[in-house]
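Peer 1: I would like the atomic coordinates for the input below:
(one chain, ligands or ions: 3)
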Amino acid sequence: MPATLQVIARFFMRQKPAVEAAEIEVQAPPAGRVLALNGGSSSIKFAVYGLGETSERGLHGHLDRIDLPGTTLTIADAGQPATTVAVAATDQRAAVAFLLDWLEANADFGTIRAVGHRVVHGMAHHAPERITPALVAELRQFRAFDPDHLPGELALIEALQKRHPKLPQFACFDTAFHHDMPRVAQMLPLPRRFEAQGLRRYGFHGLSYAYLLEELGRLAGPAVANGRLILAHLGNGASLAAVHHGRSLDTTMGFSPAGGLLMGTRPGDLDPGITNYLLHTEKLTGPQLNNLLNHEAGLLGVSETSSDMRDLLAAQATDERAAEAVALFCYQARKGVGAFAAVLGGLDTLVFAGGIGEHAAEVRARICQGLAFLGIKLDEARNATHAGVISSVGSRVTVRVIPTDEERMIARTVGRLVSVAGS
Ligand SMILES: Nc1ncnc2c1ncn2[C@@H]1O[C@H](COP(=O)(O)OP(=O)(O)O)[C@@H](O)[C@H]1O
Ligand SMILES: CC(=O)OP(=O)(O)O
Ligand SMILES: [Mg+2]
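Peer 2: Numbering: from 1, shown residues only. Ligands and ions are numbered 1, 2, ... in the order given. So this is what the prediction gives:
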């Protein structure tokens with residue numbers, strides 16, 4: 001196996017036998033195509049790939065700004081320029097219905113042999129698996145722990161099941177990448193009896209991190225991909241992962257995607273005394289508290305106007321609340337980089353990805369500000385153009401921007417499962 005594939009192979013080898021190292025090297029690509037669906041908290045991304053390891057992406061696109069004014073659909077086909085149109089979808093459910101109707105009309109379902117879904121929270125499930133009624137029933141029980149993703153992802157799965165009952169669907173879990181974090185990173189400081197119920201730190205954005213690791217190996221070689229890395233997936237949901245020798249050592253999200261860094265509508269880690277205050281002094285009910293912590297907090301809560309970084313960057317010069325929301329986001333991410341440099345015992349490479357990480361040069365610069373003591377120095381001009389390497393020539397740590405591609409990871413995993421199952 002080529003050296004650059006070893007890092008990826010290690011990632012898959014850590015999962016259950018459904019995807020074995022030997023299967024990394026796919027033989028003749030089977031006929032047909034796979035549809036990959038990535039239900040994010042503010043977006044749904046999709047892509048159609050041919051089955052097979054090296055197949056090129058065909059039709060792809062995304063719905064953006066779900067739950068905000070100005071929802072759009074961007075679509076492109078292989079080699080074609082992207083087009084963006086306005087969409088009148090008011091919430092996640094409407095977005096799901098709209099996208100499925102659009103795909104039905106445009107994706108040529110007759111040639112699609114399987115559908116792969118990003119499933120953000122799978123609790124004990126981590127290896128990719130075929131979606132069955134039992135799995136759907138189980139996932140329904142976790143919805144309260146991930147109300148930003150699971151309801152939309154389940155809606156996609158169930159609607160497709162109704163429309164195309166014979167089409168096999170597969171779940172690819174975001175938690176898989178962190179499955180073998182060191183025990184100390186998985187533990188929660190709670191009475192031990194809760195661990196038996198599945199209360200532990202899981203970590204998310206795993207499909208993105210697996211892709212970034214693979215892409216880093218391709219771009220910079222296996223020695224770099226095996227080094228001490230901080231991967232920063234900064235989108236509507238945002239997290240950092242500390243990775244060494246291809247293994248996740250820690251990540252900022254924990255039991256649910258509401259933990260860790262401040263995000264679009266989630267607060268990240270909170271002093272437990274605050275939930276006590278909200279329950280007892282503000283007299284919030286459990287569901288009200290859950291709604292506040294998943295849909296009303298984070299950038300939206302602090303700015304009182306928007307969860308979307310584009311809006312806040314545009315407003316910060318004239319709106320102090322927007323300026324403070326951006327400042328808090330950058331400050332928390334910077335603290336996280338410092339903490340993970342300690343976890344790793346130093347740092348070789350920092351990678352930015354996700355909607356904010358890939359496009360917001362100002363945010364990247366403000367996160368890296370003051371981190372020269374760790375060896376991080378940005379090149380302003382390169383950062384402004386979102387270049388692949390944005391650190392300066394003299395920077396000891398290489399700082400990169402890598403556009404993530406969770407859909408590619410989903411499609412490849414499903415392709416492998418379909419060829420293994422011979423379905
Ligand atoms: N050009 C841009 N400049 C700044 N922020 C951007 C830009 N494009 C996207 N973003 C931000 O990225 C976030 C959405 O990230 P994304 O990864 O697409 O979403 P999701 O987490 O739902 O998958 C939003 O906060 C959005 O404002
Ligand atoms: C896990 C998570 O928050 O995902 P996203 O950033 O796609 O919302
Ligand atoms: Mg996302």
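Peer 1: give me every residue that touches the residue in the stretch 301-423 of the chain that ligand 2 sits nearest to.
Peer 2: Closest residue of the stretch 301-423 of the chain to ligand 2, C-beta to the nearest ligand atom: G354 (6.4 Å). C-beta coordinates here come from the backbone N, C-alpha and C atoms, glycine included. Taking C-beta atoms under 8 Å, 6 or more residues apart in numbering as the contact definition, G354 lies against H205, S208, A232, H233, L234, G235, A238, T404.
Peer 1: which residues sit in contact with the fifth one?
Peer 2: What it means is L234. Neighbouring residues of L234 by C-beta under 8 Å, 6+ apart: A333, F352, A353, G354, G355, I356, G357, A360, V363.
Peer 1: what about it, distance to R65?
Peer 2: Distance of L234 to R65, computed by C-beta to C-beta, to the nearest Å: 16 Å.
Peer 1: Let me see the confidence value for the closest residue to H121 other than its chain neighbours.
Peer 2: Spatially, and ignoring its direct neighbours in sequence, H121 is nearest to D146 (4.1 Å; C-beta to C-beta, 6 or more residues apart in numbering). Here, the pLDDT recorded for D146 equals 93.
Peer 1: now the one 5 residues further on
Peer 2: Note for P151: predicted pLDDT of 94.
Peer 1: number of nearby residues for it?
Peer 2: Using other C-beta atoms under 10 Å, P151 has 17 neighbouring residues.
Peer 1: how about V243, phi and psi?
Peer 2: Torsion angles at V243 (phi, psi; degrees, to the nearest 10) stand at phi -130, psi 130.
Peer 1: Right, and ligand 3 sits closest to which residue of the stretch 201-350 of the chain?
Peer 2: Nearest residue of the stretch 201-350 of the chain to ligand 3: G235, at 4.5 Å (C-beta to the ion).
Peer 1: Residue in this structure with the shortest distance to ligand 2?
Peer 2: Minimum separation of the chain from ligand 2 (C-beta to the nearest ligand atom) falls at G237, amounting to 1.8 Å.
Peer 1: before we move on, the earlier item: now rank the contacts of G354 by neighbours and give me the top one.
Peer 2: Among the contacts of G354, the one with the most neighbours (other C-beta under 10 Å) is H205, at 34 neighbours.
Peer 1: Which residue, other than its chain neighbours, is closest to that residue?
Peer 2: Using C-beta to C-beta, 6+ apart, the closest residue to H205 is H233 (4.3 Å).
Peer 1: Let's see the helix or strand hosting that neighbour as CSV, backbone CA atoms only.
Peer 2: Element membership for H233, per DSSP states H and E: strand 229-234. Extracted C-alpha coordinates of strand 229-234, given in CSV (Å, rounded to 0.1, in the frame of the first residue of the first chain):
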residue,chain,number,x,y,z
LEU,A,229,-1.6,18.4,14.1
ILE,A,230,-4.4,20.6,15.2
LEU,A,231,-7.3,20.4,12.8
ALA,A,232,-9.8,23.2,13.1
HIS,A,233,-13.2,22.6,11.5
LEU,A,234,-14.9,25.9,11.9
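Peer 1: Indicate whether it makes contact with ligand 2.
Peer 2: No - applying C-beta under 6 Å from any ligand atom, one finds strand 229-234 separated from ligand 2 by no less than 6.8 Å.
Peer 1: Neighbours of the residue of the chain closest to ligand 2, how many?
Peer 2: With other C-beta under 10 Å as criterion, G237 counts 28.
Peer 1: And D101, by the same measure?
Peer 2: Neighbourhood size, D101 [other C-beta under 10 Å]: 12.
Peer 1: again with V351
Peer 2: By other C-beta under 10 Å, 23 other residues sit near V351.
Peer 1: Mind giving me the packing neighbours of the host helix or strand of it?
Peer 2: Assigned by DSSP H and E, V351 falls within strand 349-353. Strand 349-353 is packed against helix 206-220, strand 229-234, strand 398-401, with contacts defined by 3 or more C-beta pairs under 8 Å, 6 or more residues apart in numbering; DSSP states H and E.
Peer 1: Now tell me what touches it from outside.
Peer 2: Applying C-beta under 8 Å, 6+ apart, the set of residues contacting strand 349-353 is 208, 212, 216, 220, 224, 227-234, 337, 358, 364, 368, 376, 390, 397-404.
Peer 1: Equivalent analysis for stretch 146-160, please.
Peer 2: With C-beta under 8 Å, 6+ apart as the test, stretch 146-160 has contacts from 37, 39-41, 44, 92-93, 95-97, 99-100, 115, 117-121, 131, 136, 139-140, 142-143, 167, 169, 171, 237, 256-258, 265-266, 290-291, 294-295.
Peer 1: repeat that for 6 Å
Peer 2: 37, 39, 41, 92, 96, 100, 115, 117, 119-121, 131, 139, 143, 169, 256-257, 294 (C-beta atoms under 6 Å, 6 or more residues apart in numbering).
Peer 1: Are it and ligand 1 in contact anywhere?
Peer 2: No - counting by C-beta under 6 Å from any ligand atom, ligand 1 is not contacted by stretch 146-160; separation bottoms out at 8.5 Å.
Peer 1: need the next SSE after the lowest-mean-pLDDT helix or strand in the chain, C-terminal direction.
Peer 2: Lowest on mean pLDDT, DSSP states H and E among the helices and strands of the chain sits helix 3-13, with a mean of 34. Note on helix 3-13: by DSSP H and E, the next helix or strand toward the C-terminus is strand 33-39.
Peer 1: one step back: ligand 2 next: which of the contacts of stretch 146-160 are close?
Peer 2: Answer for the contacts of stretch 146-160 near ligand 2 (C-beta under 6 Å from any ligand atom): S41, V120, P257.
Peer 1: Lowest-confidence one in those residues?
Peer 2: Lowest pLDDT within these is found at S41 (90).
Peer 1: Next, find the distance separating it from G264.
Peer 2: Remark: distance between S41 and G264 (C-beta to C-beta) = 7 Å.
Peer 1: Same check on E380?
Peer 2: From E380 across to G264, the span is 27 Å (C-beta to C-beta).
Peer 1: Include distance to E195 when you put the contacts of G354 into CSV, please.
Peer 2: Putting the contacts of G354 into CSV (distance: C-beta to C-beta, whole Å) gives the following:
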residue, distance to E195
H205, 23
S208, 27
A232, 29
H233, 26
L234, 30
G235, 30
A238, 26
T404, 31
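Peer 1: follow-up on the earlier one: would you mind measuring from the residue of the stretch 301-423 of the chain closest to ligand 2 to ligand 3?
Peer 2: Using C-beta to the ion, to the nearest Å, G354 is found at 6 Å from ligand 3.
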